[in-house]
Each structure stands twice: as C-alpha cells, then as structure tokens.
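Trainee: What shape does this take:
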Amino acid sequence: MTTNTENQNNSLDIVKWGIAVILIAAAVIGNQAFGEASVVVRALGVIVAFVIAGLIALQTVKGKEALSFAREAHIEVRKVVWPTRQEALNTTFIVLAATAVVAVILWGFDWVLLRVVNLITGV
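Mentor: You can find the predicted model right below:
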C-alpha cells in the first residue's frame, strides 16, 4: 500500500515539475514574442507566471523540503549575534591592514625574483 502511494506521489511530482517548467518557459518565450508590448505588462506577466510556477513547485516533496529548510534557516539567522558598528569597523581596518602588509611582501618577492631572473638571463 505504501509503495503504491509513493509511486503516485512521485508521478504527481513529476507532473507538477513539468507544469512549473512549462510555465517558466512560456513566460520567457512570451516575453520574447511580445517584445512590442509594454514593458510593464510583460514584466507583470513574467512575474505572475514565475509566482504560479513557484507555488506549483512548492506542492512537490522537494518544494516542501526547500520551504522547510528556508524556515529553519530563518530561525537560525534570528539567533545570530551581529557585531556592533564599531566591531565591524575595527575588523574591516584589521583586514585592510593585513591585506596591505601581504601586498607589500608579495611586491617585494616579485621585485627580488625579477632581479634574479634579470641577472640569470642578462636582460
């Protein structure tokens, strides 16, 4: 009994994904075909088609899993302790200073290697 239900759900999911893909393709092709129409009308048509395709895709097993993942991610983001403005500025300046030091070191290595190659090749 369970296998039969899973097969039906899988078949329905394939049909739903197919409809979603066809809607998106129709939106893209329709946008190209009606190039002379108003940009606002074309944009609204594409947006509506994408929203409907997204709603259909959310009815599939993978769509429900993606929605669940997004909800859990939103919960985790709310738990993050964000740095203060001063902490962000201090960290930014540290990164800039470290980048400058590494750039000078690499420039020095490049200069030394250039001189060595010039001595060896005589150029």
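
Trainee: what's the spacing between the most centrally placed residue in the chain and residue 17?
Mentor: Among the residues of the chain, the one closest to the centroid is residue 70, at 13.5 Å (Cα atoms, centre = their mean). Separation of residue 70 from residue 17 (Cβ to Cβ, to the nearest Å) stands at 18 Å. For every residue, glycine as well, the C-beta is placed using N, CA and C.

Trainee: Next, work out how far apart the nearest residue to residue 13 once chain neighbours are set aside and residue 80 are.
Mentor: Spatial nearest neighbour of residue 13, excluding adjacent residues (Cβ to Cβ, 6 or more residues apart in numbering): residue 60 at 4.4 Å. From residue 60 across to residue 80, the span is 30 Å (Cβ to Cβ).

Trainee: again with residue 58
Mentor: Counting by Cβ to Cβ - residue 58 and residue 80 are separated by 26 Å.
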